[in-house]
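Undergrad: My questions concern the predicted model and sequence given below.
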Amino acid sequence: MDFLRPASWEEALAAKAEHPTAVPIAGGTDVMVEINFDHRRPEYLLDLNRIGELSEWEVGQEKVRLGASVPYSSIMDHLRAELPGLALASHTVASPQIRNRGGVGGNLGTASPAGDAHPALLAARQAVRRPRVRRLQPDRRRARDGEVPQARGRHHGPPHARLDLGAVPRRGPHAGRSCVIMRVNFTVNGRQQEADDVWEGESLLYVLRERMGLPGSKNACEQGECGSCTVRLDGVPVCACLVAAGQVEGREVVTVEGLADYAKHREDAHPGGGCASGACGTTLDSAKRWQARPTDGQTGEAVELAPIQQAFIDAGAVQCGFCTPGLLVAADELLENTPSPSDQDIREALSGNLCRCTGYEKILDAVRLAAARQGEAAQS
Ligand SMILES: Cc1cc2nc3c(=O)[nH]c(=O)nc-3n(C[C@H](O)[C@H](O)[C@H](O)COP(=O)(O)OP(=O)(O)OC[C@H]3O[C@@H](n4cnc5c(N)ncnc54)[C@H](O)[C@@H]3O)c2cc1C
Ligand code: FES
Ligand code: FES
């Protein structure tokens, strides 16, 4: 497998023309499930995440132009007035974590009869604009054992940025399959990290747990159903099991291991709790300036707990604890953006996190407790 990362629509089309079998991956909430369960092994993954225009929309006098990768959560938050049917349909899709990644383009691409975006698009008579893929010469390069494929000359192939650093035969669980390995650079809990030997179909969850020794994010289903793997990607809660590792290149990830320091950093920026207006949260820029202390991320030792972690303990919201890391990350994000959440807000924010033990009441209590403590701190 090869991981292609075009930076523009033109590059993406050129890459698709050169590699017609390449499978586009946007939010990955369908594609990654198939890869995780070995139902699909595309020769190429074509990551669309770097193409800004696919995540943008334009509201005109009579038309709304919606980028194919605009996540459902943005449709719900920003286009409710213009696209009420689609916003309503978006809300019925899965969970907040899935809605933060999945979008209409992927829904159409999967073409499931159960696709929730389809009826709304049909009812509104939406037009899908499909740019043409101009077929170029097929790529006949092959990665051979121990060799790096020859770079193409200037006049061949698209100028897309590829993440593969070399074509080295894979060892380990995917040995024997035709694939290359790559390096991914990203920030985890405030520290710059480099993951080497990453297989192109590997998930962020696998990289965190197996390569970085951060086992806090749990692997309980690998299909976006349970939320135990919830982490924040550039501040947004996502299922780490459904994000391809290559998609986090250059991005910021916060796991439960970094939650206490992350909360402390937010407290310093907004003493007394989340942003008073509830509209600001921790910006990507301020997240970038934040550095975790050396003791925190790997072992969790010598770290104060985040308020939400303390509240879970105090409210008795932890039993086996398998669901707890994901719930903590999701709840912490809620309290950052909605300092005084209603019960409905809490239920909605945690709707993508399953617990098999506590029956949820204690978990709801814990979030209410953390919110109350945050409110008191804000007033004092
Ligand atoms: C736990 C769970 C629950 C779900 N619940 C629902 C639900 O309630 N309702 C529902 O409708 N869906 C549901 N889904 C399916 C999925 O979330 C949606 O289909 C989502 O819209 C996919 O978007 P994506 O960006 O993640 O697509 P991806 O997984 O990235 O891609 C999906 C397909 O579309 C293709 N594709 C993506 N972008 C483009 C593009 N720009 N051009 C051409 N092809 C493209 C890909 O190659 C792939 O074949 C669920 C998925 C999970 C894991
Ligand atoms: S392990 Fe990712 S949602 Fe269950
Ligand atoms: S405490 Fe056991 S799954 Fe939630």
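TA: Nice, thanks for sending it over. Numbering: from 1, shown residues only. Ligands and ions are numbered 1, 2, ... in the order given.
Undergrad: List the buried residues for stretch 1-14?
TA: 1, 2, 3, 4, 5, 6, 11, 12, 13, 14 (16 or more other Cβ atoms under 10 Å). Any C-beta I mention is one placed from the backbone N, CA and C, and that applies to glycine too.
Undergrad: Same check on stretch 322-341?
TA: Within stretch 322-341, the residues that count as buried by 16+ other Cβ under 10 Å are 322-339, 341.
Undergrad: Contacting ligand 3 as well, which ones from those residues?
TA: 322, 323, 324 (Cβ under 6 Å from any ligand atom).
Undergrad: which one of those is nearest residue 93?
TA: residue 323 (21.2 Å; Cβ to Cβ).
Undergrad: excluding its backbone neighbours, what's nearest the closest one?
TA: residue 355 (4.2 Å; Cβ to Cβ, 6 or more residues apart in numbering).
Undergrad: Please apply the same query to residue 184.
TA: Per Cβ to Cβ, 6+ apart, closest to residue 184 is residue 195, 4.7 Å.
Undergrad: per-residue confidence for the one you found?
TA: Looking at residue 195, its pLDDT is 94.
Undergrad: quick revisit: report the two of the buried residues of stretch 1-14 separated the most.
TA: Maximum distance among the buried residues of stretch 1-14 (Cβ to Cβ): 20.5 Å, for 1 and 13.
Undergrad: circling back: parallel or antiparallel, which strands does the helix or strand harbouring the residue nearest to residue 184 pair with?
TA: Assigned by DSSP states H and E, residue 195 belongs to strand 191-199. In the sheet, strand 191-199 lines up against strand 181-188 (antiparallel) (DSSP bridges).
Undergrad: low pLDDT regions in the stretch 151-300 of the chain?
TA: Low-confidence segments of the stretch 151-300 of the chain (pLDDT under 70): 151-181, 270-300.
Undergrad: which residues in it form helices?
TA: Assigned by DSSP state H, counting those that start in this stretch, the helices in the stretch 151-300 of the chain fall at 204-206, 259-269, 284-289, 296-299.
Undergrad: Would you mind listing what in the stretch 201-350 of the chain touches ligand 1?
TA: So far as Cβ under 6 Å from any ligand atom goes, the stretch 201-350 of the chain lies against ligand 1 at 223, 224, 225.
Undergrad: which among those residues gets closest to ligand 3?
TA: Using Cβ to the nearest ligand atom, residue 225 is the member of those that sits closest to ligand 3, with 13.1 Å.
Undergrad: so that closest one sits right up against residue 353, yeah?
TA: No: if you go by Cβ atoms under 8 Å, residue 225 and residue 353 don't touch, sitting 10.2 Å apart.
Undergrad: Quick check: closest non-adjacent residue to residue 91.
TA: Residue 91 sits nearest to residue 76 (Cβ to Cβ, 6+ apart), 5.7 Å away.
Undergrad: For my notes, confirm the one you found occurs in a helix.
TA: Yes: the assignment for residue 76 is a helix, going by DSSP: H, G, I helix; E, B strand; the rest coil.
Undergrad: per-residue confidence at it?
TA: For residue 76, pLDDT reads 98.
Undergrad: neighbours around it, how many?
TA: Residues lying near residue 76 (other Cβ atoms under 10 Å) number 19.
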